[in-house]
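**Student:** Pasting the sequence and the predicted coordinates here, then a few questions.
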Amino acid sequence: MTQQLTPQLTLALSKGRIFEETLPLLKAAGIEVTEDPETSRKLILPTNDPAVRVIIVRASDVPTYVQYGAADFGVAGKDVLLEHGGEGLYQPIDLNIAKCRLSVAVQDGFDYASAVRQGARLRVVTKYVKTAREHFAAKGVHVDLIKLYGSMELGPLVGLSDAIVDLVSTGGTLRANKLVEVEHIMEISSRLVVNQAALKLKRERLQPILEAFEKASQANA
Ligand code: PRT
Ligand code: MG
């Protein structure tokens, strides 16, 4: 096998809002993705730079690809990074994209505050079990957490739970399902994550991209 002169850089992104909102940052670094993941079935997308490629993975898998060096860098939500734990990842930049908040919500009419005051044991559905556990433990609220992979909003409507912990951006999904936010856990945005070994071995190639991302993302702050 011949050794490549320029190290190949692999960037892990998820389809949808993270891909869309990362494009302007890539552009600021002179990188343009030349295929659209919404229409292409390819999982490895080329860019205008032969040494840079983009892989399309599930949002919650981005940290795993980067941790194991299958991708040199990636973009992941703080929600995803907290659940992953961040091992093996260097997290230099808050990109200020895909912003939302992590909240506790209940059915309109459910008196969350007095249930908590009375020390009731609440059932909560969430995809964010680790973050939710820490939040309720810090507040001294007794909860039974039930892990779901999507459609958390359904939990209280069908009697699966008293509350949900989920991401909220416009609030439209909660309203459509007659749920109300009762606690704001944290603000969420997406971070750039870099494989720690790649940061050392491919520093020369990565550094200008990181600088361009940092500069461009300040505009989103
Ligand atoms: O969708 P899929 O199951 O493949 O994976 P995913 O949901 O993890 O990916 P994606 O692309 O939907 O989300 C990627 C990242 O975007 C998340 O990890 C967050 O960091 C960020 N983000 C920002 C959001 C939202 N805003 C958001 N509104 N992720 C999800 N939502 C969902 C939320 O879960 C709820 O169902 O949108 C709904 C609420 O939106 P509103 O506008 O109705 O309040
Ligand atoms: Mg989604």
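**Tutor:** Noted; the coordinates are in hand. Numbering: from 1, shown residues only. Ligands and ions are numbered 1, 2, ... in the order given.
**Student:** Can you report how many residues neighbour K99?
**Tutor:** For K99, the count of nearby residues is 16 (other CB atoms under 10 Å). Just so you know, the C-beta spots here come from the backbone N, C-alpha and C atoms, and that holds for glycine as well.
**Student:** That one reaches V168, doesn't it?
**Tutor:** No. No contact is recorded between K99 and V168 when judged using CB atoms under 8 Å, the distance being 10.9 Å.
**Student:** Mind listing the residues bridging to the residue nearest the centre of the chain?
**Tutor:** Nearest residue to the geometric centre of the chain (CA atoms, centre = their mean): G77, 2.0 Å. In this entry, G77 is beta-bridged to S190, by DSSP bridges.
**Student:** what residues are up against it?
**Tutor:** Shown in contact with G77 (CB atoms under 8 Å, 6 or more residues apart in numbering): 18, 59, 98, 188-191.
**Student:** Those: which two are farthest apart?
**Tutor:** Distances among those were taken as CB to CB; the most separated pair is A59 and S189, at 13.5 Å.
**Student:** Might you report the residue contacts of V80?
**Tutor:** Neighbour list for V80: 59-60, 62-63 [criterion: CB under 8 Å, 6+ apart].
**Student:** let me redo that: L11
**Tutor:** Going by CB under 8 Å, 6+ apart, L11 touches 26, 52-55, 71-75.
**Student:** Now do the same for the one helix or strand it maps to: mean pLDDT, whole number.
**Tutor:** Assigned by DSSP states H and E, L11 belongs to strand 9-13. The average pLDDT for strand 9-13 rounds to 98.
**Student:** That strand pairs with which strands, and in what direction?
**Tutor:** The sheet places strand 9-13 alongside strand 52-56 (parallel), strand 73-77 (parallel), with pairing taken from DSSP bridges.
**Student:** How far away from the center of its chain is the last one?
**Tutor:** Meaning strand 73-77. With CA atoms, centre = their mean, to the nearest Å as the basis, the distance from the averaged C-alpha position of strand 73-77 to the chain average is 7 Å.
**Student:** Only the buried residues of it, if you could.
**Tutor:** When neighbours are counted by 16 or more other CB atoms under 10 Å, the buried residues of strand 73-77 are found to be 73-77.
**Student:** again with stretch 199-214
**Tutor:** 199, 202, 205-206, 209-210, 212-214.
**Student:** helices and strands around the lengthiest strand in the chain, which ones?
**Tutor:** In the chain, taking DSSP state E as the definition, the longest strand is strand 179-188. Identification of packing neighbours for strand 179-188 by 3 or more CB pairs under 8 Å, 6 or more residues apart in numbering; DSSP states H and E yields helix 78-84, strand 100-107, helix 112-117, helix 129-139, strand 163-168.
**Student:** ok, and what's touching that strand?
**Tutor:** Contact with strand 179-188 is made by 77-79, 98-108, 112-113, 131-132, 135, 153, 156, 163-165, 167-168, 171, 174, as judged by CB under 8 Å, 6+ apart.
**Student:** Buried ones among the residues you listed?
**Tutor:** Of the members of these, the ones counted as buried by neighbours, 16+ other CB under 10 Å, are 77-79, 98-107, 112, 131-132, 135, 153, 156, 163-165, 167-168, 174.
**Student:** Go back to the residues you listed and keep what's next to ligand 1.
**Tutor:** Filtering the buried ones among the contacts of strand 179-188 for proximity to ligand 1 by CB under 6 Å from any ligand atom leaves 77, 79, 98, 100, 167-168.
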